[in-house]
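show me the folded form of this:
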Amino acid sequence: MKKYNFIFFVILLFAIGCEKKSNEEATNKLNLDTTIVRLPPRLDYTKYIQNVPKSDSLCNNEIDRAKSDLAKYDGVYVQTICFGCDFKPYEEEIKEVLKKKKFKLGIQDISCVKYEGQTEGCYREYIDLKMKAKYGENYKSEIENDAEKILIKNINLNNKIISIYDLKDIEKPRILTQNIIIENDSDTTIKTDLPVNKKSSHYLFIDIGFIVEKDGTITHLEASNWVNENGINEKYKNDLINLALKTLKKDYNNWKPGTYKGYKARIQNSLRISFE
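Numbers count the residues shown, from 1 in each chain. You can find the predicted model right below:
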């Protein structure tokens, strides 16, 4: 690839340097065979699921599954599972709401692999179409709102733990101890007298998980990941983990508590510890 980039650069210089040649000639010399790739329009599921080709067996099978579930239950709420899909902090509470309504939790898997002529998502779209017709356009948000109310109740009364990744920036817990630096909300460095290899070309760090309690202290510290490139510092593993746990408990034990929708909550957090 570098070779072709260099050739292109030389041609470009040559074209600029040829003052006697017309702009049209220079343009012709630099003319590249460029193909513009246009993304296909988003599929209109509402129309498509009304008349699915027989050859699209994936979509037809998903619609059959959707019809079967709708016949067995009063309703279906579909959760989409895919790489990169967001998960709501009240997933468990949604199950509780669905149980009361006698609704089923349906699963729509979306694969990263696509097959020509086969359409994914028909289960979800067919369910959504029928549920809106029966319960209204906002049926899904109503379920989620009920679930979130239960979550807030669980936060207040049952001390439910919330992941820091489910919080807005303004809601996240913040370290209050002076002279403690946490970069990007997750990276910090502590000092050690151990003769470890600290070359930047060799990765050495520990991930420590913990809970920031409602009073700002941290509990349930646990080393969840140890990265020691090439095994150079392996003999110091236990000492470094113990040092990290001890330092966090001593120097990182004063936080502004995290909140969820304005309510103080126990927050599952983690820090990546490097050494200097």
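
next one, pLDDT for Ile127 please.
On the pLDDT scale, Ile127 is placed at 98.

pretty sure Thr219 sits against Leu245.
No: Thr219 is beyond contact range of Leu245, at 12.0 Å (criterion: Cβ atoms under 8 Å). C-beta: built from backbone N, CA, C; applies to glycine.

between these two, which is the more surrounded one?
Between Thr219 and Leu245, counting by other Cβ atoms under 10 Å, Leu245 is the more crowded of the two (17 against 11).

secondary structure class of the more buried one, three-state.
Recorded secondary structure, Leu245: helix (DSSP: H, G, I helix; E, B strand; the rest coil).

now Leu58
With three-state DSSP as the basis, Leu58 sits in helix.

contacting residues for it?
For Leu58, the contact set (Cβ atoms under 8 Å, 6 or more residues apart in numbering) comprises Tyr115, Gln118, Thr119, Glu120, Cys122.

now do the third one against Arg65, distance only.
Noted for Thr119: a distance of 14 Å to Arg65, by Cβ to Cβ, to the nearest Å.

comparing these two, which residue is more hemmed in?
Set Thr119 next to Arg65 and count neighbours by other Cβ under 10 Å: Thr119 wins out with 20 against 16.

for the contacts of Leu58, which one is nearest Lys104?
Taking Cβ to Cβ as the measure, Lys104 lies nearest Cys122 of these, at 16.9 Å.

per-residue confidence for that closest one?
On pLDDT, Cys122 comes in at 97.

Gly117: how many residues sit nearby?
Neighbourhood size, Gly117 [other Cβ under 10 Å]: 10.

verify the stated contact: it with Val52.
No: between Gly117 and Val52 there is no contact under Cβ under 8 Å: 11.0 Å.

quick revisit: just among the contacts of Leu58, which is most surrounded?
Among the contacts of Leu58, the one with the most neighbours (other Cβ under 10 Å) is Cys122, at 25 neighbours.

need the contact list for that residue.
Neighbour list for Cys122: Tyr45, Tyr48, Ile49, Val52, Leu58, Cys59, Asn60, Glu62, Ile63, Ala66 [criterion: Cβ under 8 Å, 6+ apart].

equivalent analysis for Trp255, please.
Applying Cβ under 8 Å, 6+ apart, the residues near Trp255 are Pro173, Arg174, Ile175, Leu176, Val212, Gly216, Thr217, Ile218.

sketch out the low-pLDDT regions of the stretch 1-150 of the chain for me.
The stretch 1-150 of the chain contains residues with pLDDT under 70 at 1-40.

can you give me the strands for it?
Along the stretch 1-150 of the chain, counting by DSSP state E, counting those that start in this stretch, strands occupy 75-81, 103-109.

the residue positioned nearest the centre of the chain and Ile110, how far apart?
Using Cα atoms, centre = their mean, the residue of the chain that lies closest to the mean C-alpha position is Gly84, 5.3 Å off. To Ile110, Gly84 is 10 Å away according to Cβ to Cβ.

backbone dihedrals for Gly209, please?
Main-chain dihedrals, Gly209, degrees, to the nearest 10: phi -90, psi 150.

next, count neighbours for it.
Gly209, neighbours per other Cβ under 10 Å, totals 14.
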